[in-house]
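Engineer: next comes the sequence, and after it the predicted model I'd like to discuss.
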Amino acid sequence: MADVTIRALKNGPYEVTGGAKVTDQKRGEFKGQGDPIYLCRCGQSANRPFCDGTHTKIGFKAEETAS
C-alpha cells in the first residue's frame, strides 16, 4: 500500500496524496477521485466532502502547525 499523506493547507482544504479513496458511511466510494484529493475543512463546499474553493469566498482561516 502506498504511503498516504494528509496535509492541512493554510486557510484551505486537506490535501490527501498517496492513493487514498473516500467512502461514505455505507462504504460506497465517491466517484471521480484523483490524486491528490482535496477535502473541505470550512464546511461550506457544495461538493462535500470535497473542496470546491468556497473557503476563499467566505474568508476561512486555519493555520494549524505541527508542534
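Structural biologist: Received it, and whenever you're ready, just let me know what you need. Numbering: from 1, shown residues only.
Engineer: so how far is Ile58 from the nearest residue to Pro49 once chain neighbours are set aside?
Structural biologist: By the measure of CB to CB, 6 or more residues apart in numbering, the closest residue to Pro49 outside its immediate chain neighbours is Leu39, 5.5 Å from it. (C-beta placed from N, C-alpha, C; glycine too.) Separation of Leu39 from Ile58 (CB to CB, to the nearest Å): 16 Å.
Engineer: name the residue in the two with the higher neighbour count.
Structural biologist: Leu39 (18 against 10; other CB atoms under 10 Å).
Engineer: right, and that one touches Gly12 too?
Structural biologist: No: assessed by CB atoms under 8 Å, Leu39 is found out of contact with Gly12, at 10.2 Å.
Engineer: shared neighbours, the two?
Structural biologist: Cys51 (CB atoms under 8 Å, 6 or more residues apart in numbering).
Engineer: so the residue nearest to Pro49 bridges to which residues?
Structural biologist: Tyr14, Phe50 (DSSP bridges).
Engineer: low-confidence ranges in the chain?
Structural biologist: 1-2 (pLDDT under 70).
Engineer: how far away is the residue nearest the centre of it from Ser67?
Structural biologist: Centre of the chain computed as the mean C-alpha position; nearest residue by CA atoms, centre = their mean is Leu39, 1.3 Å away. With distances taken as CB to CB, Leu39 is found 22 Å from Ser67.
Engineer: likewise Gly59?
Structural biologist: In terms of CB to CB, Gly59 sits 26 Å off from Ser67.
Engineer: which one of those two is surrounded by more residues?
Structural biologist: Gly59 (8 against 3).
Engineer: what sits against the more buried one?
Structural biologist: Counting by CB under 8 Å, 6+ apart, there are no residues that Gly59 touches.
Engineer: could you do Asn47 as well?
Structural biologist: Contacts of Asn47 by CB under 8 Å, 6+ apart are Cys40.
Engineer: cutoff 10 Å now
Structural biologist: With contact taken as CB atoms under 10 Å, 6 or more residues apart in numbering, Asn47 is in contact with 30, 32, 38, 40, 53-54.
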